[in-house]
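K.L.:
Quick one: sequence and predicted model below, then my questions.
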Amino acid sequence: MASWDFIAKLVCIGDSGTGKSSLTIRLCEGRFSPHHDVTIGVEFGSRIVPVGPPNTQPPKPKPSISRDPSLADVSDGLPEPPRAEQTVVQKHMKLSLWDTAGQETYKSVTRSYFRGASGALLVFDISRRSTFLHVMDWLNDLRQIAEPDIVVVLVGNKSDLAAGDEKQREVTIEEAEEWAKSNGVLEYVETSAKNGDGVEMAFGRVAERIYQNIEAGKYDLNDRRSGVKGPPAGGGNRGNVKLNGSAKTTGYGCC
C-alpha cells in the first residue's frame, strides 16, 4: 500500500535571500539553518501531509437547548450513546518541493522547473521591501510557463524580525493581503523559517487547494504536465518520484 494517495510538484520562487531554502528545510527536517549556502539552480525536498477530511473537518458544535433550569435533566444517570465510528479515510499528499535559486544569473535555469508544477510559494522578505516589489515579476514568469490553474500562495517570510522591533517590517500585512487578492493569488501567509511559525500552514494551504482541485476533476492524473499524480497501481512508493524533471537525490531528502 502506498504511503501517499497523491503526489504534487511545488516550486518555491522569489528573490535570493528571502529564505526559500530555509522554509523547505524547516518543513522537511524541522530545523533552521542560519548559514545555508546560496542555492545554485534547484534543490529538492519532499514531505507527506494529510489533505481533505477528517484532517480539515472541524468538530461540529453541540446544539444549545434552552430549558427551565429548575427542571432536572432527563438524561442524568443514563449512559452516553455510542459514538459513530469515523468512516472517512484520511488522504495523504506527497509534496515534491523544488527550491529554486533567486539570483538573476540562474533564472533561465529555474524557469524550466516551473513546467509541470501544480503549486507555488511566492516568497518575499517582510524586512526588505524590494523583494516584495519583485513578486509581480516572479508571478508573471510563473504564469507564462506553468499551467494556468497553478495554485499560488504569497509568503511573507522572516516574520520573527517584526516581533521584537516593528521598524524592521517594511511590508504591512494589509498591503500583502491586498496584493494577493488583486492578483488572483490564493492567500497571504506570514512565516518564520527560524521559529517555524506559519510554515506548515503555508505549504498546507497549497496542498489543500490542490486536493480540492483533484476532487473537482481539474487534473489529469495520468498527464505529467498537470503536476499531480496518483500512486502506482498495486504497490507502495516511498522513494522520490519525478514530475517533469529529475530529482536531486542529494537534496533535503526527507520523507
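P.N.:
Nice, I can see it. Numbering: from 1, shown residues only.
K.L.:
what about L122, is that helix, strand or coil?
P.N.:
Counting by DSSP: H, G, I helix; E, B strand; the rest coil, the backbone at L122 sits in strand.
K.L.:
mind listing what it touches?
P.N.:
Residues in contact with L122 (C-beta atoms under 8 Å, 6 or more residues apart in numbering) are I13, G14, V135, W138, L139, L142, V152, V153, L154, V155, V185. C-beta: built from backbone N, CA, C; applies to glycine.
K.L.:
Then L27?
P.N.:
Applying C-beta under 8 Å, 6+ apart, we find L27 in contact with G45, R47, L97, V199, E200, F203.
K.L.:
can I assume D160 is in contact with D197?
P.N.:
Yes. Using C-beta atoms under 8 Å, D160 makes contact with D197 at a distance of 7.2 Å.
K.L.:
The contacts of L27 in helices, which ones?
P.N.:
Of the contacts of L27, the ones assigned to helices by DSSP state H are V199, E200, F203.
K.L.:
can you count the residues close to the first one?
P.N.:
The burial count assigned to V199 is 23, neighbours taken as other C-beta atoms under 10 Å.
K.L.:
What of the one 5 residues further on?
P.N.:
The local packing of G204 (other C-beta under 10 Å) involves 21 other residues.
K.L.:
Next up, the contacts around the closest residue to it other than its chain neighbours.
P.N.:
Spatial nearest neighbour of G204, excluding adjacent residues (C-beta to C-beta, 6 or more residues apart in numbering): V49 at 6.1 Å. Counting by C-beta under 8 Å, 6+ apart, V49 touches H92, M93, L95, F203, G204, A207.
K.L.:
Equivalent analysis for A8, please.
P.N.:
Applying C-beta under 8 Å, 6+ apart, we find A8 in contact with M93, K94, L95, S96, S118, G119, A207, I210, G227, V228, L243.
K.L.:
With pLDDT, secondary structure and distance to E174 added, can I get the residues you listed in JSON lines?
P.N.:
Shown next, in JSON lines, are the contacts of A8 (pLDDT from 0 to 100; DSSP: H, G, I helix; E, B strand; the rest coil; distance: C-beta to C-beta, whole Å):
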{"residue": "M93", "pLDDT": "97", "secondary structure": "strand", "distance to E174": "31"}
{"residue": "K94", "pLDDT": "95", "secondary structure": "strand", "distance to E174": "35"}
{"residue": "L95", "pLDDT": "96", "secondary structure": "strand", "distance to E174": "29"}
{"residue": "S96", "pLDDT": "92", "secondary structure": "strand", "distance to E174": "33"}
{"residue": "S118", "pLDDT": "95", "secondary structure": "coil", "distance to E174": "29"}
{"residue": "G119", "pLDDT": "96", "secondary structure": "strand", "distance to E174": "25"}
{"residue": "A207", "pLDDT": "97", "secondary structure": "helix", "distance to E174": "26"}
{"residue": "I210", "pLDDT": "97", "secondary structure": "helix", "distance to E174": "27"}
{"residue": "G227", "pLDDT": "87", "secondary structure": "coil", "distance to E174": "31"}
{"residue": "V228", "pLDDT": "93", "secondary structure": "strand", "distance to E174": "33"}
{"residue": "L243", "pLDDT": "46", "secondary structure": "coil", "distance to E174": "36"}
